[in-house]
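**Student:** I would like to see how this sequence folds:
(one chain, ligands or ions: 1)
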Amino acid sequence: MSNPIYLAMDVPELDRAVALANAVKGHIGGIKLGLEFFCAHGHHGVHELAHIGLPIFLDLKLHDIPNTVASAMQAIHVLEPAIVTVHASGGRAMLEDAKAAAGANTKVVAVTVLTSLDDNDLGQIGYQGQAHDQVMRLAELAERAGVDGIVCSGQEVKAVHQQWKRGFFVVPGLRPAGSEMGDQKRAVTPRQARDDGASVLVIGRPISRADDPAAAARAIEGTL
Ligand SMILES: O=c1ccn([C@@H]2O[C@H](COP(=O)(O)O)[C@@H](O)[C@H]2O)c(=O)[nH]1
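**Tutor:** Alright, predicted model coming up:
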C-alpha cells in the first residue's frame, strides 16, 4: 500500500518549501499545497515542488458560482494535480461542473465541515445541529454530484466510509498523541484516521514545525 501521508506545505518561502519536501520525501506519499502557497508562488511554485516527484494535491477549496469554479479548474488543469478541493456547500451544480472540468487523472474532493470548527462554531454561522450530521449530509450531496470523495475530520470518516463504500476520503486535522492542537478542533491521531477508512492523511505542523521534520514524518509513518 502506498504511503497515505500528504504533507501540508504551509510555509511561505519557496526555497524553504523545496528544502522541507526534499528532507521528508522518503516518509510521505504526496505534497499538499494550499491557498497560502498558491497565492504566493502560483504555477511556478507548483512546478518547483512537482520536480520532487510526488503527487501534488492542490488544496484551493474553490467556492464560487459553477461557471467560475469550472473555469478555475480548467486553468489549473495544466498542473496535473492528483487531487483538488472544492467546497461542498457550493452546491450540486458547482460540484458537477468542477468534476466535469477536471482532468481525468485529477480527483475532485469536496470539503464538508472544516476541521477547525466544532458544533458551537457551526451554530454561530447559522447551521442547526452537529458537525457530524452536516458532514453526512454534504457527503451524500457530493456522492450524488459525482465527485470522487470528501474532506472531513477523523471523527466522521468511519461513518462516511460506511455510507459511501467507494469514496475517496481526505482527512486533515491529525495530531499524533501528545502534540499541540493549534486551531484544530475535531482532531484524531493519524493511526485512528487510517484505521477508520481515510484514503489520505493530511499532516502539516506536526511535521513542518518539528525540530527534525524527517524524524517526525518517519515517526508518524511508523505508527501507521
Ligand atoms: O477541514 C480542513 C481542510 C483543510 N485543512 C488543511 O489541512 C492542513 C492541516 O495542517 P495542520 O498544520 O496539520 O493543522 C492545513 O493546510 C489546512 O489548510 C484542514 O486543516 N482542515
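**Student:** Stretch 132-145: how far from the chain's middle?
**Tutor:** In terms of C-alpha atoms, centre = their mean, to the nearest Å, the centre of stretch 132-145 is found 16 Å from the chain centre.
**Student:** Nearest residue to the middle of this protein?
**Tutor:** V170 (5.2 Å; C-alpha atoms, centre = their mean).
**Student:** contacting residues around the host helix or strand of that residue?
**Tutor:** Element membership for V170 (DSSP states H and E) is strand 168-171. With contacts defined as C-beta atoms under 8 Å, 6 or more residues apart in numbering, strand 168-171 is touched by 6, 57, 83, 85, 107, 109, 148-154, 157, 160-161, 188, 193, 197-202. C-beta: built from backbone N, CA, C; applies to glycine.
**Student:** and the ligand, which of those residues reach it?
**Tutor:** V151, V202 (C-beta under 6 Å from any ligand atom).
**Student:** sorry, back to before: distance of the residue nearest to the centre of the chain from W164?
**Tutor:** 13 Å (C-beta to C-beta, to the nearest Å).
**Student:** okay, and the common contacts of the two?
**Tutor:** Common neighbours of V170 and W164 (C-beta under 8 Å, 6+ apart) are G149, I150.
**Student:** for the host helix or strand of A17, packing partners?
**Tutor:** In the assignment (DSSP H and E), A17 maps to helix 14-24. Judged by 3 or more C-beta pairs under 8 Å, 6 or more residues apart in numbering; DSSP states H and E, the packing partners of helix 14-24 are strand 5-8, helix 35-50, helix 213-223.
**Student:** For my notes, please list those in TSV and give distance to A142 for each entry.
**Tutor:** Formatted as TSV, these follow (distance: least, C-beta to C-beta, whole Å):
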stretch	distance to A142
strand 5-8	19
helix 35-50	21
helix 213-223	28
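**Student:** How about the residues of this protein by the ligand?
**Tutor:** Checking the chain against the ligand by C-beta under 6 Å from any ligand atom, the hits are 8, 10, 34, 59, 111, 114-115, 151, 172-173, 182, 184, 202-205.
**Student:** just the buried members of the residues you listed?
**Tutor:** 8, 10, 34, 59, 111, 114-115, 151, 172-173, 184, 202-205 (16 or more other C-beta atoms under 10 Å).
**Student:** Quick check: phi and psi at the residue in the chain that the ligand sits nearest to.
**Tutor:** Nearest residue of the chain to the ligand (C-beta to the nearest ligand atom) works out as G204 at 2.6 Å. Note on G204: its backbone torsions stand at phi -110, psi -90 [degrees, to the nearest 10].
**Student:** Look at the residue of the chain most remote from its centre and report its pLDDT.
**Tutor:** Ranked by distance from the centre of the chain (C-alpha atoms, centre = their mean), the top residue is Q128, with 25.0 Å. Looking at Q128, its pLDDT is 85.
**Student:** Would you mind listing the outside residues contacting the lengthiest strand in the chain?
**Tutor:** Ranked by residue count and defined by DSSP state E, the top strand of the chain is strand 56-62. Residues outside strand 56-62 that contact it (C-beta under 8 Å, 6+ apart): 6, 8, 30-35, 38, 46, 49-50, 69, 72-73, 76, 79-87, 90, 98, 111, 170, 200, 202.
**Student:** Many thanks, we can stop here.
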